[in-house]
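Asks: what's the 3D shape of this:
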Amino acid sequence: MPVIEHKGIKINVDDDGYLVNPKDWNENVARALAEIEGMGELTKDKMDIITFMREFFEKYQSFPMLGMVCKNIHQPQKCVTEQFIEPLKAWKIAGLSKPGPMVLGYIKGHSFIVKPG
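Replies: This is a model prediction of the structure:
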């Protein structure tokens with residue numbers, strides 16, 4: 001299991017860079033992951049997106065429809081792809097476990113809520 005060190009923070013990740021334990025997530029970990037993923041600074045809008053994704057996942061144990069994320073945080077309809085380019089980067093920065101094939105299929109164009117794994 002790889003450990004990433006970034007600005008004094010040690011982060012346990014899997015081979016693809018997803019947090020091994022989503023409970024290790026906090027805003028400092030998110031900022032570190034964002035920099036590692038090449039996203040630079042996490043703006044308020046980006047932080048709102050990943051915070052909503054985390055809260056939704058914790059409540060429903062499923063990946064939220066991307067348009068629903070934007071609607072609930074009062075951002076433009078395609079806010080996730082506009083802010084993160086790749087929704088999987090938002091998922092990773094949100095500290096959620098590596099998504100399974102159904103989530104990956106959704107992100108590639110399907111419009112249903114799926115459970116990871």
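Asks: every contact and neighbour count from this point should use C-alpha atoms.
Replies: Fine.
Asks: let me see the ranges of the strands in the chain.
Replies: Ranges of strands in the chain, per DSSP state E, are 3-6, 9-12.
Asks: pull up the pairing partners for the last one, direction included.
Replies: Here strand 9-12 has these sheet partners by DSSP bridges: strand 3-6 (antiparallel).
Asks: for the strand it pairs with, buried residues please.
Replies: Under the neighbour-count criterion of 16 or more other CA atoms under 10 Å, strand 3-6 has Ile4 buried.
Asks: tell me the pLDDT of Cys79.
Replies: With respect to pLDDT, Cys79 has a value of 90.
Asks: for Gly17, see how far away the nearest residue to it once chain neighbours are set aside is.
Replies: For Cys79, ignoring the flanking residues on the chain, the nearest one in space by CA to CA, 6 or more residues apart in numbering is Cys70 at 5.7 Å. Separation of Cys70 from Gly17 (CA to CA, to the nearest Å) stands at 25 Å.
Asks: would you map the helices across the protein?
Replies: For the chain, the helices defined by DSSP state H occupy 27-36, 44-60, 66-72, 79-84, 87-93, 101-107.
Asks: which of those is buried the deepest?
Replies: Compared across the helices of the chain, helix 87-93 shows the largest average neighbour count, a mean of 22 (mean count of other CA atoms under 10 Å).
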